[in-house]
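**Q** sequence and predicted structure are below.
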Amino acid sequence: MPGVIQKGRLWVRRCVRFALRLLLQAAFVGQRRLTYAAESGLGPLQKETQQIRLLRPVRHGALSLGVLRFALEVVDIKDEPDFVALSYTWGPADADDKDRNAVSERMPIYINSRRLDVYPNLFDALTQLVRSGFDRCIWIDAICINQEDVDEATQQVQMMDTIYKSASSTVLWLGRESGRTARAAAVLAQCASIARDATMKLLDSPTWAEPISPYDPRPLDKYGMPLLVRRDWQALTDIYGRRYFGRAWMAQEVALSRHLQVRIGNTVLDWNDLGTFAVFLLLSNALSTLQQFPGVIPGSDQLVRGAMCVFRLHITRLWCRTTDDPELARRLERFTALEREPKSFGLGLLELLVATPCVAATDLRDIIFSKYGIMKHLAPKLDDRSYLPEYRTTVPEVFFQTSTKMIEETGDLRILTLVGDGYGETVDSTKPSWVPEFDGSWTRPGAMLAFASWSPTALKFNASGSATDQHRATVDGNTLRVYAVEVGRVVACGNTMADMITQYLFAETAKMLLHHCTPVHRHTGQSRTEAFWRSLVIDQDMTSRPAGADLGESFRIWFCLLLMLRIRALLKKGATISEVEKAYEEIDRIASEESPAAQFFPRWTETLERLVQAGWIVAPKGSGLLRASDTKGLLRGWVETTRKFENVVYSIMSFRLPFAIDNGRVAFGPIKAAVGDSVWIVAGCPVPLLLRRSGDDQLYRIVGETYVHGIMTGEAVSGEVEWKRVCLA
């Protein structure tokens with residue numbers, strides 16, 4: 001009975017609270033709604049000053065009735081006001097939150113007694129902060145900047161780096177708690193310090209990218225990491241899988257803030273724990289394993305994307321020296337592409353855009369504008385105000401003007417590694433092919449060459465050398481005039497990596513390409529099968545270049561397993577073993593023409609033996625071959641041997657297309673490469689480009705960047721060559 005009475009009292013209390021809440025909200029109905037916070041009576045900010053607006057929570061019992069009340073005030077940042085900045089996503093916080101549409105649904109708060117409707121995620125953040133006793137001033141872009149005043153928005157964006165550097169701390173709001181948040185926080189707290197020590201050891205190791213097995217029950221045990229079961233990985237997705245990771249402005253907010261506090265509901269996390277653990281997951285190859293075996297952990301694709309983004313953000317924060325872990329920052333420098341003293345502001349900005357491809361932005365101009373403050377912080381002596389954010393220019397104008405300025409400053413054409421018609425649909429099909437779509441299109445694996453050619457590690461490429469004043473590129477209207485040397489024309493194209501693997505077409509592609517290749521590679525003296533596998537991984541193994549010979553052995557077994565899968569499929573369709581052997585003849589002939597030391601294609605005898613050992617075919621009479629007693633264990637061992645090559649080739653060849661050029665070489669480039677396209681070395685660009693004629697003989701469009709084995713360090717232009725004037729449309 002007492003329990004029933006208690007429940008009745010609780011019900012009555014809730015009804016009274018709800019009624020009071022309705023009455024209080026009704027009291028505000030007569031107040032005019034704000035379309036933006038500047039209407040609160042404070043007026044516009046004074047120009048040519050460093051004034052900002054700050055939001056201060058107002059209590060008086062309104063919160064207990066579900067009403068959020070604030071006062072808005074104007075301060076000058078030069079007076080060093082005490083405030084906290086809020087970093088959040090305007091849209092839903094949860095990647096799977098489809099019910100809370102930020103466009104159609106808004107929530108009310110009251111500023112200076114006037115109602116302002118805000119997006120649900122911001123409402124959640126303010127509610128959580130105020131309920132936790134937060135009573136300090138807050139700077140919030142959506143409220144403290146009049147988004148409808150172009151001049152004010154431009155002026156405030158230009159000083160956002162100063163705002164975040166001046167805030168005593170920045171709250172990174174990831175959204176409301178879920179049922180997995182507590183477990184995720186516990187896992188992260190348990191793993192963070194171990195991850196840092198393991199990361200330091202990995203950074204001192206020359207082989208930090210060693211693959212780990214998805215079949216190993218304790219794949220991270222060698223690093224001292226506790227056993228993470230499926231539920232732990234799924235819980236971590238609750239943190240790293242949030243929509244917050246990927247916003248354009250987030251890079252500046254994380255990089256420049258003095259202190260970061262990560263909040264998920266009432267759960268508070270330390271940014272360094274998130275960042276260091278993401279670095280460890282990348283260097284230990286755990287992310288690559290999760291990416292290649294998505295079925296192992298449901299939702300792992302979100303975890304991988306988020307952790308990669310956190311890794312880049314943490315690197316950027318380390319560059320800006322706003323971290324309290326200088327030793328980790330020093331050791332991580334070998335993996336960064338940003339120069340400490342860039343040649344120019346524009347070139348440094350371009351490198352920063354490549355290093356932090358976090359591209360979710362309501363306004364695509366913000367992808368570039370959000371990096372200005374970081375660059376100004378990194379190179380204050382090079383501050384170029386011609387790159388200042390300006391919202392009176394359109395998106396195409398911003399992209400075109402930024403690209404033009406970057407090229408004209410130094411003549412450096414690294415920007416061309418990020419462009420191309422061959423990577424799929426474009427945002428603006430009318431733009432020049434040499435202007436990147438700064439929408440993150442280079443984040444696809446197809447732009448791996450851009451990363452490799454810029455990295456300060458051993459993966460450096462320099463196909464063309466530095467452009468001299470004589471060969472300097474110039475912009476003429478929408479045309480970029482460059483000097484280039486033609487390497488060769490595409491004469492045959494293979495299949496995509498997806499088709500080669502899923503449809504077992506790797507052997508067909510290999511035969512077709514090698515049919516056009518010279519037996520001995522011209523510049524390297526390597527056999528064509530060695531040149532072939534080295535091309536597949538751009539001759540690197542994620543830590544060094546050229547790739548080690550062990551990667552070639554891993555490739556040979558990987559190729560053999562693909563052939564076995566193809567043969568088994570043919571046998572299931574009714575083919576005989578004799579017919580299969582005949583179809584195998586060309587692969588066997590290519591392998592037999594080379595010495596054992598240079599032979600990287602499996603012979604028919606080896607493939608036949610493995611088929612019998614695996615129990616996939618019956619041993620031919622008189623062959624002496626036997627089926628293995630543990631076929632599953634044998635296959636797993638072979639698969640583990642192939643992991644080293646497979647780990648690299650999938651990251652390089654996804655969305656790429658292999659093709660042969662008419663000088664006897666194999667190349668790899670954009671997925672839309674076609675017969676008749678030509679490979680060129682462009683003065684000032686670190687990697688070859690695939691070009692396609694567009695109109696007259698001298699007008700071309702860029703299809704994309706390309707890898708051609710044996711010419712990536714300047715071999716093709718080391719002697720006397722004729723540089724031609726080429727116009728890029």
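**A** Yep, that arrived.

**Q** return the helix or strand in this protein with minimum mean pLDDT.
**A** Sorted by mean pLDDT, DSSP states H and E, the helices and strands of the chain end with helix 2-29, the least confident at a mean of 49.

**Q** next SSE downstream of it?
**A** For helix 2-29, the following helix or strand on the C-terminal side (DSSP states H and E) is strand 51-58.

**Q** tell me how far the residue nearest to residue 306 when sequence neighbours are not counted lies from residue 160.
**A** The shortest distance from residue 306 to any residue other than its chain neighbours is 3.3 Å, reached at residue 240 (Cβ to Cβ, 6 or more residues apart in numbering). All C-beta atoms are positioned from the backbone trio N, CA, C, and that covers glycine. Taking Cβ to Cβ, to the nearest Å as the criterion, residue 240 is separated from residue 160 by 25 Å.

**Q** could you dump stretch 721-729 to PDB, C-alpha only?
**A** Provided in PDB are the C-alpha atoms of stretch 721-729 (Å, rounded to 0.1, in the frame of the first residue of the first chain):
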ATOM      1  CA  VAL A 721      63.800  15.500 -72.800                       C
ATOM      2  CA  GLU A 722      61.500  17.900 -74.600                       C
ATOM      3  CA  TRP A 723      59.100  19.800 -72.400                       C
ATOM      4  CA  LYS A 724      55.900  20.600 -74.300                       C
ATOM      5  CA  ARG A 725      53.500  23.400 -73.500                       C
ATOM      6  CA  VAL A 726      50.200  21.800 -72.500                       C
ATOM      7  CA  CYS A 727      46.900  23.500 -71.700                       C
ATOM      8  CA  LEU A 728      44.700  22.000 -69.000                       C
ATOM      9  CA  ALA A 729      41.000  22.800 -69.500                       C
END
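
**Q** buried set for that stretch?
**A** 723, 726, 727, 728, 729 (16 or more other Cβ atoms under 10 Å).

**Q** which ones are touching the first one?
**A** Shown in contact with residue 723 (Cβ atoms under 8 Å, 6 or more residues apart in numbering): 471, 483, 484, 485, 683.

**Q** switch the cut-off to 10 Å
**A** The contact partners of residue 723, by Cβ atoms under 10 Å, 6 or more residues apart in numbering, come to 464, 467-468, 470-471, 482-485, 681-683, 717.

**Q** one more: the last one?
**A** Applying Cβ under 10 Å, 6+ apart to residue 729 gives the contacts 432-434, 478-480, 691-695, 699-702.

**Q** swap the cut-off to 6 Å and go again
**A** Each residue near residue 729 by Cβ atoms under 6 Å, 6 or more residues apart in numbering is listed here: 694, 699, 701.

**Q** what's the helix or strand for residue 486?
**A** Per DSSP H and E, residue 486 falls inside strand 479-493.

**Q** repeat for residue 431
**A** Using DSSP H and E, residue 431 is not contained in any helix or strand.

**Q** what's the neighbour count on it?
**A** Other residues near residue 431 number 17, with proximity taken as other Cβ atoms under 10 Å.

**Q** distance of the residue nearest to it when sequence neighbours are not counted relative to residue 597?
**A** Nearest residue to residue 431 in three dimensions, chain neighbours excluded: residue 396, at 6.1 Å (Cβ to Cβ, 6+ apart). Per Cβ to Cβ, residue 396 is found 55 Å from residue 597.

**Q** and what of residue 116?
**A** Distance from residue 116 to residue 597, counting by Cβ to Cβ: 74 Å.

**Q** quick one: which of these two has more around it?
**A** residue 116 (23 against 9).

**Q** what's residue 276 in contact with, if anything?
**A** For residue 276, the contact set (Cβ under 6 Å, 6+ apart) comprises 195, 196.

**Q** okay, and it sits in which element?
**A** Secondary-structure assignment from DSSP H and E places residue 276 in helix 271-283.

**Q** which secondary structure elements does whichever helix or strand comes after that helix contact?
**A** Moving toward the C-terminus from helix 271-283, the next helix or strand (DSSP H and E) is helix 286-292. Packing partners of helix 286-292 (3 or more Cβ pairs under 6 Å, 6 or more residues apart in numbering; DSSP states H and E): helix 300-319.

**Q** let's go with 10 Å and repeat that
**A** Helix 286-292 sits against helix 230-240, helix 271-283, helix 300-319, helix 631-653, with contacts defined as 3 or more Cβ pairs under 10 Å, 6 or more residues apart in numbering; DSSP states H and E.

**Q** looking at these, which is buried most?
**A** Mean neighbour counts were taken over the helices and strands packed on helix 286-292 using mean count of other Cβ atoms under 10 Å, and the top value, a mean of 24, falls to helix 271-283.

**Q** now that one: mean pLDDT?
**A** Per-residue pLDDT values across helix 271-283 average out to 89.

**Q** and if you look at stretch 71-87?
**A** On average, stretch 71-87 scores 92.

**Q** C-alpha coordinates for it, CSV please?
**A** Extracted in CSV, the C-alpha atoms of stretch 71-87 (Å, rounded to 0.1, in the frame of the first residue of the first chain):
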residue,chain,number,x,y,z
ALA,A,71,21.2,36.3,-21.1
LEU,A,72,23.3,37.5,-24.1
GLU,A,73,26.1,40.0,-23.6
VAL,A,74,28.7,41.6,-25.7
VAL,A,75,32.4,41.6,-24.7
ASP,A,76,35.7,42.5,-26.2
ILE,A,77,38.0,39.5,-26.5
LYS,A,78,40.9,41.8,-25.8
ASP,A,79,39.6,42.2,-22.3
GLU,A,80,40.3,38.4,-21.8
PRO,A,81,36.7,37.4,-20.7
ASP,A,82,36.3,34.1,-18.9
PHE,A,83,34.2,31.8,-21.2
VAL,A,84,33.9,28.3,-22.6
ALA,A,85,33.4,27.5,-26.3
LEU,A,86,31.0,24.8,-27.4
SER,A,87,31.9,22.6,-30.3
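
**Q** what residues of that stretch count as buried?
**A** Applying 16+ other Cβ under 10 Å to stretch 71-87 flags 72, 74, 75, 77, 81, 83, 84, 85, 86, 87 as buried.

**Q** now residue 331: how far from residue 288?
**A** Going from residue 331 to residue 288 by Cβ to Cβ gives 21 Å.

**Q** out of the two, which sits in the busier spot?
**A** Applying other Cβ under 10 Å to residue 331 and residue 288 shows that residue 288 carries more neighbours, namely 22 against 16.

**Q** residues contacting residue 118?
**A** Neighbouring residues of residue 118 by Cβ under 10 Å, 6+ apart: 37, 68, 90, 102, 106-109, 111, 124-126, 140, 142-143.

**Q** select only the buried ones of these in ChimeraX?
**A** Selection of buried members from the contacts of residue 118 for ChimeraX, criterion 16+ other Cβ under 10 Å:
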select :37,68,90,102,107,109,111,124,125,126,140,143
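
**Q** what's the lowest-pLDDT member of the contacts of residue 118?
**A** Across those, no position has a lower pLDDT than residue 102, which has 44.
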